[in-house]
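Novice: What follows is a predicted structure for the sequence shown.
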Amino acid sequence: MKTSYYIAAGVALVAAAWVVSGQLHDAPATEATEAAGTTPAEEQAALPAVRVREQTATPRAVEVILRGRTEAVREVEVRAETKGKVIEVLAEKGSFIEGGAVLVRLADDDRQARLRQSKALLAQRAIEYNAAAKLAKQGFKSETATADAMAKLEEAKAMVAAMEIDIGYTTIRAPFPGYVEERPVEIGDFVDVGEPVAKIVDLDPILIIGQVTEQDVPRLKVGMPGKARLITGDELTGKIRFIGATADEETRTFRVELEVPNADRRIVQGLSSELRLPVADLPAHRVSPAILTLADNGDIGVKTLSADNVVEFHPVTIVGDGPDGVWLAGLPDKVTFITVGQEFVQPGQKVAPVPDTGASGS
């Protein structure tokens, strides 16, 4: 009886060992079969999907952008060069005058009488010199006496010239065409030498003034073209005519002047403006600002896709912006941008690309 129990127990153990052995051998086979049966479509469906757009770089002018203001090409405070009473004012404040136009006239007073006196003395000195010269030739006059007569003649000539110049100063004229910005004198005023009688401002051409940084000043050259946009909306083009050689002590920036034609003198002094000075042409991509992203270290960049659909991060430099997007430099000529979903994938991660049919830069 006991023997039959032992036989039954042994059979049960062998059967159990056989079952377990079969399961252990079948598990890898089953897994291999399942793996062999996975389709590429199923693998692709398991990857995160992103929208992508392939783009080729185009040349883009890199610009130095400055805040500035308009400034007259020249202005001068016209001052009296002789003293006298104002008897006539011909330039009204705010009016435009041509170069050489009369601004103010001063009274002659006794200047004409003194001029006649000087001319009479000149005639006398001329007679005296001629007589001395004839006597010197005949040996009746010394060379010293002749030289003294000549000196007196030259002195008389100088007196006449000085009187004529002083009389000319009584008519004060504009040194160049421009607007009469200030005119502090009126008829009846007395002005002394050096006192201002008018301020003239020349607006053609007009200057757009800005301050350029230490890093950008070596990239600019006199004669380079530039553009300016005024606060009024006017778009202007011109050329750089001056770059400062010394920096402002407080801001460490350098003065730059863009000269712009202003024949109708419509652009006035003191308008706020934005200067755009192109310094180079670089291959750049126009994209929507929405695809820009930040790296962990704070770098601004974009996420792109490699040929094997792996996410890559590229730091970029923004070289321009506008209503149609931003321009990026520092990228390969041909790039596959991730346009949607870039914030949900990381560099090195494989993804499933979906073509973005939107317009470039949108």
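Specialist: Nice, I can see it.
Novice: ok, the residue nearest to residue 204 when sequence neighbours are not counted to residue 213 distance?
Specialist: Excluding its sequence neighbours, the residue lying closest to residue 204 (CB to CB, 6 or more residues apart in numbering) is residue 262, at 4.7 Å. Where C-beta positions appear, they are placed from N, C-alpha and C, glycine not excepted. Note on residue 262: its distance to residue 213, by CB to CB, to the nearest Å, is 27 Å.
Novice: and if you look at residue 281?
Specialist: Distance of residue 281 to residue 213, computed by CB to CB: 21 Å.
Novice: Which of these two has more residues huddled nearby?
Specialist: residue 213 (13 against 10; other CB atoms under 10 Å).
Novice: Which strands or helices does the helix or strand residue 273 falls within pack on?
Specialist: In this assignment (DSSP states H and E), residue 273 forms part of strand 272-287. Contacts defined by 3 or more CB pairs under 8 Å, 6 or more residues apart in numbering; DSSP states H and E place strand 272-287 against strand 58-79, strand 196-212, strand 225-230, strand 254-260, strand 317-322, strand 325-329, strand 334-340.
Novice: and the angle for that strand with strand 254-260?
Specialist: 90 degrees (axes from the mean of the first three to the mean of the last three CA atoms, to 10 degrees).
Novice: Name all residues that make contact with residue 177.
Specialist: Applying CB atoms under 8 Å, 6 or more residues apart in numbering to residue 177 gives the contacts 96, 97, 98, 99, 202, 204.
Novice: These: which two are farthest apart?
Specialist: By the measure CB to CB, 97 and 204 form the most distant pair in the contacts of residue 177, at 13.3 Å.
Novice: could the helices and strands packed on strand 272-287 be laid out in CSV, adding mean pLDDT?
Specialist: Converted to CSV, those look like this (pLDDT from 0 to 100):
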stretch, mean pLDDT
strand 58-79, 91
strand 196-212, 95
strand 225-230, 94
strand 254-260, 96
strand 317-322, 80
strand 325-329, 88
strand 334-340, 93
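Novice: on that earlier part again, give me the more crowded residue out of residue 97 and residue 204.
Specialist: residue 97 (20 against 16).
Novice: Who are the contact partners of the residue nearest to the more buried one when sequence neighbours are not counted?
Specialist: Leaving aside its sequence neighbours, residue 97 sits nearest to residue 174 (CB to CB, 6+ apart; 5.0 Å). If you count contacts by CB under 8 Å, 6+ apart, residue 174 has them with 78, 91, 97, 98, 99, 100, 101, 103, 198, 200.
Novice: List just the nearest of the residues you listed to residue 271.
Specialist: Among these, and counting by CB to CB, the member closest to residue 271 is residue 200, at 19.7 Å.
Novice: Distance-wise, check the closest one relative to residue 54.
Specialist: For residue 200, the distance to residue 54 - CB to CB - is 61 Å.
Novice: Of these two, which one has the most company?
Specialist: residue 200 (26 against 13).
Novice: partner residues bridging the closest residue to that one other than its chain neighbours?
Specialist: Leaving aside its sequence neighbours, residue 200 sits nearest to residue 178 (CB to CB, 6+ apart; 4.3 Å). Beta-bridge partners of residue 178, counted by DSSP bridges, are residue 97.
Novice: what about residue 178, neighbour count?
Specialist: By other CB under 10 Å, the residues close to residue 178 number 23.
Novice: Run a quick check on it versus residue 96, I expect a contact.
Specialist: Yes. Taking contacts as CB atoms under 8 Å, residue 178 lies within contact range of residue 96: 7.2 Å.
Novice: List the beta-bridge partners for the residue nearest to the spatial centre of the chain.
Specialist: The centroid of the chain falls nearest to residue 275 when counting by CA atoms, centre = their mean (3.5 Å). In this entry, residue 275 is beta-bridged to residue 66, residue 228, by DSSP bridges.
Novice: ok, it - contacts?
Specialist: 64, 65, 66, 67, 68, 208, 210, 226, 227, 228, 256, 258.
Novice: export those residues to TSV and tack on neighbour count?
Specialist: Shown next, in TSV, are the contacts of residue 275 (neighbours: other CB atoms under 10 Å):
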residue	neighbour count
64	20
65	12
66	22
67	10
68	22
208	28
210	22
226	25
227	17
228	25
256	27
258	29
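Novice: of those residues, closest to residue 350?
Specialist: residue 65 (40.0 Å).
Novice: Next, find the distance separating that closest one from residue 265.
Specialist: Relative to residue 265, and taking CB to CB, residue 65 is found at 27 Å.
Novice: do residue 67 as well
Specialist: Distance, residue 67 to residue 265, using CB to CB: 24 Å.
Novice: Please apply the same query to residue 196.
Specialist: Taken as CB to CB, the span from residue 196 to residue 265 is 23 Å.
Novice: Next: residue 341.
Specialist: Residue 341 is 56 Å from residue 265, by CB to CB.
Novice: angle of the strand holding residue 273 against strand 334-340?
Specialist: Using the same axes, to 10 degrees: strand 272-287 against strand 334-340 is 100 degrees.
Novice: and the next element down the chain from strand 272-287?
Specialist: strand 293-294.
Novice: how far out from the middle of the chain is that next one?
Specialist: On the basis of CA atoms, centre = their mean, to the nearest Å, strand 293-294 is displaced by 29 Å from the centre of the chain it belongs to.
Novice: Paired strands for it, with orientation please.
Specialist: strand 300-305 (antiparallel).
Novice: any idea of the angle the strand it pairs with forms with strand 317-322?
Specialist: Going by the same axes, to 10 degrees, strand 300-305 makes 100 degrees with strand 317-322.
Novice: from the middle of its chain, how far away would strand 300-305 be?
Specialist: That offset, for strand 300-305, works out to 30 Å (CA atoms, centre = their mean).
Novice: Give me the neighbour count for the closest residue to residue 56 other than its chain neighbours.
Specialist: Distances taken as CB to CB, 6+ apart put residue 334 closest to residue 56, at 5.4 Å, once the chain neighbours are dropped. By the criterion of other CB under 10 Å, residue 334 has 10 neighbours.
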